[in-house]
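In: Here's a sequence, model it:
(4 chains)
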There are 2 protein chains.
Amino acid sequence: MVDDEQDLCDILLFNLAWAGYEPQAVHSAEEVMSLDVCSFDLLLLDVMMDGMSGFELAKRLKGSEQTNHIPIIFLTAKDTEDDALQGFGLGADDYIKKPFSVREVVARVKAVLSRFSQGRSSEKPKVLSFEGLTIDLVQKTVTADGERLELTRTEFALLSLMLRHRGRVFTRHELIGLAWPKGVIVTNRAVDVNITRMRKKIGSYAAHVVTRQGFGYMFQ
Amino acid sequence: MVDDEQDLCDILLFNLAWAGYEPQAVHSAEEVMSLDVCSFDLLLLDVMMDGMSGFELAKRLKGSEQTNHIPIIFLTAKDTEDDALQGFGLGADDYIKKPFSVREVVARVKAVLSRFSQGRSSEKPKVLSFEGLTIDLVQKTVTADGERLELTRTEFALLSLMLRHRGRVFTRHELIGLAWPKGVIVTNRAVDVNITRMRKKIGSYAAHVVTRQGFGYMFQ
DNA sequence: TCTTGAGGTTACATTGTGGTTACGTATAGG
DNA sequence: CCTATACGTAACCACAATGTAACCTCAAGA
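Out: Below is the predicted model of the structure:
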C-alpha cells in the first residue's frame, strides 16, 4: 500500500490484516523502489502523492519484467473518466474512488487476488528441489531424503532463497535484505549464525551451502 | 507423460503440442523403462498407477546418474496429496493436484522448463571472458580453460576490473581506489603483491597482465 | 502469568587474507 | 657501464573473516 495519508494507511492496514492478508504500507512512491517489490502479491497505489505519482510508479513497475505481473489497484480522489482510463491503460486491475468504505477495499482486494490466483500466480512452482532436498514453498516445509526437517522461518527463508538462485553468491547484506523481514536491523553476524543453524539441520546437504570467503554464501 | 488414464493423456498431449512442446505419453511406469528416458526434457508422472507408482519410478530415475537431472512434475490425486508430498523427498520440481486445469499444467511445464534451461548455470550469465579465461561476476568465480581457479576477493576485484577495461593502464593509486574497499589505506606495494599473487593463479594468462613501468598495470 | 522457542548478540577459537618488509632483479637515465 | 628507482616475490605476521557455543531478549502461545 502506497499512500501518503498515515491515518488512512493505518485503517486499511488493520482491516486487511484482519481479513487475513499481510499488508505493508509505505508513504511515497520513492520508498517503493527500495523494496523487493517482486515479493508482493498486490499493490494498492494512491494516485495523488507528493513526489512521484501512483501512475508514474505503476508505469515503471509495469515496464519491468520483474514486476509487471503484479496486480495493481489505484486509490484516487479524482473521479473523472480520464483518470480512470489512464489507470486502466497502465494495466490497473481495479480502481477505487475516494471516499470509499473500508469494506469495499477489502472486497476489491479479495476479488483481484482470487482472479489472479487462478491465472498467473498458480504458475509459480510450489516446490524447489535439489537432489533429495525438497522445499515446499506452500507448506513451508523442507524434507531431506524423505525426512521432514524443522527449519525456522529465517532458516527456511535463507535456504529457499539460495536454492531458488542456486549458483549465485549472496553477500551478507543482500541476504539480510532478502531473507529478513523488511525494516529489521541486524548485524552481519546474524547471517553467519543462521547459516550455521540451517546447515546443521540439513545434514549432508550442508556441503552445498558454501562460504565464499570475502564474498558471502551460495548454494551450489 | 506417464498416466494410465487415456483420456487425460489425450487432452494433455493435444494442449502441450499446441503450446509448442513435443509430448509423448505412455500408460505405465514399466513402459518408461523401455524408453530412452535421457532424451526427454521433462517428465509428468501420475502418482497413482497400476503396477509401479509414479513415486517408485521417480526414485529409480533420480537414482541413476543418467536421468537424475531430468525435472519431474507429479500429478497427484487429492486424497494422497498431503502425506505423500511431505514424505517423498524425491526431488520433484513441482506437483499438480488433480483435478487441474489444462492451462495450469501447461503453465507449470513452461515454468519448470524455463527455470531449468536458464537456471542451471546461473540466472544471468554476467560473465567477462578473454580467450579461455572466464570471470563469472555472479558466482564470483574465475575459470581458465575450464579449470576453476580460487581467487581471493582482492585478486578477483583486480582481475575483473582490468579485464572489464582491457587495454587501459591503471595506476596503483587508481587500482587501490577501485579494487579495494572504500576507506582502507594501503601502500602502493600492496598492489604489486596482489598482482603477483593473481598472476600466479591465472597461469599462462598472466602474460596478459602487463606491467607498464612507471605507470601501472593493464590487461591486454 | 508462565513457558517456550526463535533468533540476535557476544565471545572465543580457528583459519585465511592480505599488508608490510626485505631482498633480489630489471629498467631507465646519465 | 653505473646507479637510482621501479618492480617481482618470498616470508612474516597482524587482523579480518568465519564457525560456533552460549547467553539473552522478545514475542507468541498456553
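In: Contacts for stretch A:165-182 next, please.
Out: For stretch A:165-182, the surrounding residues in contact (Cβ atoms under 8 Å, 6 or more residues apart in numbering or on different chains) are A:24, A:35-36, A:130, A:154, A:157-158, A:161-162, A:184, A:186, A:188, A:190-192, A:212, A:215-220, B:119, B:121-123, B:138-140. In short, each C-beta sits where N, CA and C put it, glycine included.
In: again, only this time at 6 Å
Out: Contact partners of stretch A:165-182, identified using Cβ atoms under 6 Å, 6 or more residues apart in numbering or on different chains, comprise A:157-158, A:161, A:188, A:191, A:212, A:215-220, B:122, B:138-140.
In: likewise stretch A:147-164?
Out: Stretch A:147-164 has contacts (Cβ under 6 Å, 6+ apart) with A:128, A:130, A:135, A:142, A:178, A:179, A:194, A:197, A:198, A:201, A:219.
In: near DNA strand D at all, it?
Out: No. Stretch A:147-164 does not reach DNA strand D (Cβ under 7 Å from any atom of the strand); its nearest approach is 10.7 Å.
In: That stretch near DNA strand C at all?
Out: Yes. Residues of stretch A:147-164 contacting DNA strand C under Cβ under 7 Å from any atom of the strand: A:150, A:152, A:153, A:154, A:155.
In: Show me just the buried residues among the contacts of stretch A:165-182.
Out: For the contacts of stretch A:165-182, a burial check counting by 16 or more other Cβ atoms under 10 Å in any protein chain shown picks out A:157-158, A:161, A:191, A:212, A:215-219, B:122, B:138-140.
In: Show me those that map onto helices.
Out: Among these, the residues falling in helices (DSSP state H) are A:157, A:158, A:161, A:191.
In: Just give me the closest of those to chain B.
Out: Closest approach between these and chain B, by Cβ to the nearest Cβ: residue A:161, at 12.6 Å.
In: what does the model give the closest one for pLDDT?
Out: Listed pLDDT for residue A:161 reads 90.
In: Kindly state the neighbouring-residue count (a burial measure) for residue A:57.
Out: Neighbourhood size, residue A:57 [other Cβ atoms under 10 Å in any protein chain shown]: 25.
In: where's it relative to residue B:99, distance?
Out: For residue A:57, the distance to residue B:99 equals 39 Å [Cβ to Cβ, to the nearest Å].
In: Quick check: the gap between the nearest residue in space to residue A:45 that is not next to it in sequence and residue A:97.
Out: Distance criterion Cβ to Cβ, 6 or more residues apart in numbering or on different chains; nearest residue to residue A:45, sequence neighbours excluded, is residue A:54 at 3.7 Å. Going from residue A:54 to residue A:97 by Cβ to Cβ gives 13 Å.
In: ok, the two, which is more surrounded?
Out: Neighbour comparison, residue A:54 and residue A:97: the larger count goes to residue A:54, with 25 against 15 (by other Cβ under 10 Å).
In: contacting residues for that one?
Out: By Cβ under 6 Å, 6+ apart, residue A:54 lies in contact with A:45, A:46, A:47, A:74.
In: run the last query once more with 8 Å
Out: A:2, A:29, A:45, A:46, A:47, A:48, A:74, A:75, A:76.
In: and if you look at residue A:103?
Out: Residues in contact with residue A:103 (Cβ under 8 Å, 6+ apart) are residue A:15.
In: Between helix B:102-119 and the helix or strand where it lies, find me the angle.
Out: Following DSSP states H and E, one finds residue A:103 within helix A:102-118. Orientation of helix A:102-118 against helix B:102-119 (axes from the mean of the first three to the mean of the last three Cα atoms, to 10 degrees) gives an angle of 70 degrees.
In: Please save the CA atoms from helix A:102-118 in PDB.
Out: Output of helix A:102-118 as PDB, limited to C-alpha atoms (Å, rounded to 0.1, in the frame of the first residue of the first chain):
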ATOM      1  CA  VAL A 102     -13.000   0.000   4.100                       C
ATOM      2  CA  ARG A 103     -15.200  -2.900   3.400                       C
ATOM      3  CA  GLU A 104     -15.200  -2.100  -0.300                       C
ATOM      4  CA  VAL A 105     -11.400  -2.000  -0.500                       C
ATOM      5  CA  VAL A 106     -11.100  -5.400   1.200                       C
ATOM      6  CA  ALA A 107     -13.700  -6.800  -1.100                       C
ATOM      7  CA  ARG A 108     -11.900  -5.500  -4.200                       C
ATOM      8  CA  VAL A 109      -8.500  -6.800  -3.000                       C
ATOM      9  CA  LYS A 110     -10.100 -10.200  -2.400                       C
ATOM     10  CA  ALA A 111     -11.600 -10.200  -5.900                       C
ATOM     11  CA  VAL A 112      -8.500  -9.200  -7.700                       C
ATOM     12  CA  LEU A 113      -6.300 -11.600  -5.800                       C
ATOM     13  CA  SER A 114      -8.700 -14.500  -6.400                       C
ATOM     14  CA  ARG A 115      -8.900 -13.600 -10.100                       C
ATOM     15  CA  PHE A 116      -5.100 -13.700 -10.200                       C
ATOM     16  CA  SER A 117      -4.600 -16.800  -8.200                       C
ATOM     17  CA  GLN A 118      -6.400 -18.800 -10.800                       C
END
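In: what residues does chain A put near chain B?
Out: Contact residues, chain A versus chain B (Cβ under 8 Å from any Cβ of the partner chain): A:120, A:122-134, A:136, A:139, A:141, A:143-148, A:165-169, A:212-215, A:218.
In: among these, which are in strands?
Out: The members of those that map onto strands under DSSP state E are A:127-130, A:133-134, A:136, A:141, A:143-144, A:147-148, A:212, A:218.
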